[in-house]
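Visitor: The sequence and its predicted three-dimensional model are supplied below.
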Amino acid sequence: MAGVAEQMLQASKGVFAGKWPKVKAYAESEFRKLAETLAMIEKLRLTGQINEEEAALQLQIQKNATRSVLLTLKGLGLLAVEEAINAALSVVKKAVNTAVGFSLI
């Protein structure tokens, strides 16, 4: 999970560019939570405790939380935050989708 969070963090770092020093602590925390959510979804999916719709809802909830936290930082607009979240998820998309057995991301 730490590797997934780190990959996501590095992908988002390029999006935030000059704002990185201000964003870093928040991004680290939020992308760690997003990675934890993805790991939980994988576990629940593999054990048959959630279906595809429930998995997608869990991911959406965490993405919304990440978006909300990052938008509280002055100077970050919605487009930059969305781009960072999308960049972060794109680097783990194949691995996550393979792990859960459907196109989650």
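Guide: Okay, I see it.
Visitor: Distance of the residue minimising distance to the centre of the chain relative to residue 40?
Guide: Nearest to the mean C-alpha position of the chain, counting by C-alpha atoms, centre = their mean, stands residue 34 at 4.1 Å. Applying C-beta to C-beta, to the nearest Å, one obtains 11 Å for the distance of residue 34 from residue 40. For every residue, glycine as well, the C-beta is placed using N, CA and C.
Visitor: ok, which stretches of the chain are helices?
Guide: If DSSP state H is used as the criterion, the helices of the chain fall at 2-16, 20-46, 52-71, 78-90, 93-100.
Visitor: counting contacts, what elements does the fourth one pack onto?
Guide: Pointing back at helix 78-90 there. Applying 3 or more C-beta pairs under 8 Å, 6 or more residues apart in numbering; DSSP states H and E, one finds that helix 78-90 contacts helix 2-16, helix 20-46, helix 52-71.
Visitor: for the last one, same thing?
Guide: With contacts defined as 3+ C-beta pairs under 8 Å, 6+ apart, the secondary structure elements packing on helix 93-100 are helix 20-46.
Visitor: how far away is the nearest residue to residue 40 once chain neighbours are set aside from residue 91?
Guide: Nearest-residue entry for residue 40: residue 58, 7.3 Å, with adjacent residues in sequence omitted and distances by C-beta to C-beta, 6 or more residues apart in numbering. Computed as C-beta to C-beta, the residue 58 to residue 91 distance reads 20 Å.
Visitor: Kindly report the same for residue 43.
Guide: Counting by C-beta to C-beta - residue 43 and residue 91 are separated by 21 Å.
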